[in-house]
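Peer 1: below are the sequence and a predicted model for it; my questions follow.
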Amino acid sequence: MTTLIYFLIFFASCLSFYLSGEMIVKSLIKIAKFLGWKEFVVSFLVMALIGSLPNLFVGISSALHNIPELSFGDVIGGNVVDMTLAIALAAIFAKKGIPAKSKTIHTTLLFTVIAAILPMILIWDNNLSRVDGVIMISFFFLYIIWLFSKKERFTKICEDTATPTKSFKASFSGIFKILFSLIVFAAASEGIVRSAQYFATTFNWPIILIGLFIVGLGNCAPEIFFAISSARKNMEWMILGDLMGTIVAPATLVLGIVALINPIYITDFSPFAVARIFLLIAIIFFFFFIKNDSQISKKEAVFLLFVYIAFILAEVFIRI
């Protein structure tokens, strides 16, 4: 009975992340239209920052509960999901795949690859220290400085026809919805961390494995929703930049903050072995597909989807 309760708490927490993320996305777009923000700024705020909030809240909560390795597994597992499942589903729903001809996307791709690999390099000595945390946070702000350094990235006004006409009332209510969603995020993160602790104790699972295999997927709900929604609205040009932002921010800013609060020590890398292999596979093919023909086609999307399925099967098989 207790196990069922914790499963329900975990499921409800993941669902809360999804619904709150959707509420924040819609509220931000309303505010953006009222303030006349550019589409680039909106997409960055929605995904690179808002999309990383579940990771941040889970990371802080896990650090305060003295299990920061849960956050490490969450981020690495989430990166695998973003580079395979999220992009694959978005490209499948898009009419002609996901275009990637922008110079900004190609340069961001390099930042993304470095950010995804950086935590694995820094933890090579089994320790993600506070110094490593400063390095990761510094890399994130280097990315931000570069991202906002060119005027041509701010040339298109946000024009999402699915949102209502500009109004002060709509934007003002959006602020309260965002604040309410942040409170829900905090409560949901506590539910996920406590559930993860229970599963680790009851089923004798390594806490990092729970982060990789379960929490990482649950926390990717906001960006998966946004990617599919953008594809269905023919806003494919936003997808890659947004998803790359959600890879960079958790792998640098979030893990950096967690390491500052509570350094991460991993003495046994065996639960992490499969994820490391599939993360490298995902990075290689993700990089190759974009550089090769400047897009993610539907065929390439199906391949990335099979990479994710293979990751799940490998994790299940190795535990049997």
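Peer 2: Perfect, I can see it now. Numbers count the residues shown, from 1 in each chain.
Peer 1: ok, R130 touching L260?
Peer 2: Yes - under the criterion of C-beta atoms under 8 Å, R130 makes contact with L260 at 5.4 Å. The C-beta positions use only the backbone N, C-alpha and C, and glycine is treated the same way.
Peer 1: looking at the two, which is more packed in?
Peer 2: L260 (17 against 13; other C-beta atoms under 10 Å).
Peer 1: model confidence over the strand or helix carrying the more buried one, on average?
Peer 2: Using DSSP states H and E, L260 falls within helix 255-261. Helix 255-261 carries an average pLDDT of 94.
Peer 1: please enumerate the strands of the stretch 1-150 of the chain.
Peer 2: Along the stretch 1-150 of the chain, counting by DSSP state E, counting those that start in this stretch, strands occupy 98-99, 127-128.
Peer 1: paired strands for the first one, with orientation please.
Peer 2: Same thing as strand 98-99. Paired neighbours of strand 98-99 in the sheet (DSSP bridges): strand 295-296 (antiparallel).
Peer 1: the strand it pairs with: what's the following helix or strand?
Peer 2: Past strand 295-296, further along toward the C-terminus, the next helix or strand under DSSP H and E is helix 298-319.
Peer 1: off-centre distance for that next one?
Peer 2: The chain centroid and the centroid of helix 298-319 are separated by 18 Å, computed with C-alpha atoms, centre = their mean, to the nearest Å.
Peer 1: residues in contact with it: which ones?
Peer 2: Identification of contacts with helix 298-319 by C-beta atoms under 8 Å, 6 or more residues apart in numbering yields 80-81, 83-85, 87-92, 97-98, 209, 212-213, 274-275, 278, 281-282, 285-286, 289, 296.
Peer 1: returning to what we had before: possible to save the strands of the stretch 1-150 of the chain as JSON lines with mean neighbour count, distance to A200 and mean pLDDT?
Peer 2: Shown next, in JSON lines, are the strands of the stretch 1-150 of the chain (neighbours: other C-beta atoms under 10 Å; distance: least, C-beta to C-beta, whole Å; pLDDT from 0 to 100):
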{"stretch": "strand 98-99", "mean neighbour count": "22", "distance to A200": "37", "mean pLDDT": "78"}
{"stretch": "strand 127-128", "mean neighbour count": "21", "distance to A200": "19", "mean pLDDT": "91"}
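Peer 1: relative to L15, which of those strands is closest?
Peer 2: Evaluated with C-beta to C-beta, these place strand 98-99 nearest to L15, the distance being 27.0 Å.
Peer 1: any stretches of the stretch 201-320 of the chain with poor pLDDT?
Peer 2: Low-confidence segments of the stretch 201-320 of the chain (pLDDT under 70): 208, 212-213, 216-219, 221-222, 235-238, 271, 319-320.
Peer 1: can you pull out the strands in it?
Peer 2: 264-265, 295-296.
Peer 1: pick the most deeply packed of these.
Peer 2: Stretch with highest mean neighbour count among these: strand 295-296 (a mean of 22; mean count of other C-beta atoms under 10 Å).
Peer 1: among the strands of the stretch 201-320 of the chain, which comes closest to I123?
Peer 2: Of those, nearest to I123 by C-beta to C-beta is strand 264-265, at 6.9 Å.
Peer 1: check which helices and strands the closest one sits against.
Peer 2: Where contact means 3 or more C-beta pairs under 8 Å, 6 or more residues apart in numbering; DSSP states H and E, strand 264-265 is packed against helix 69-81, strand 127-128.
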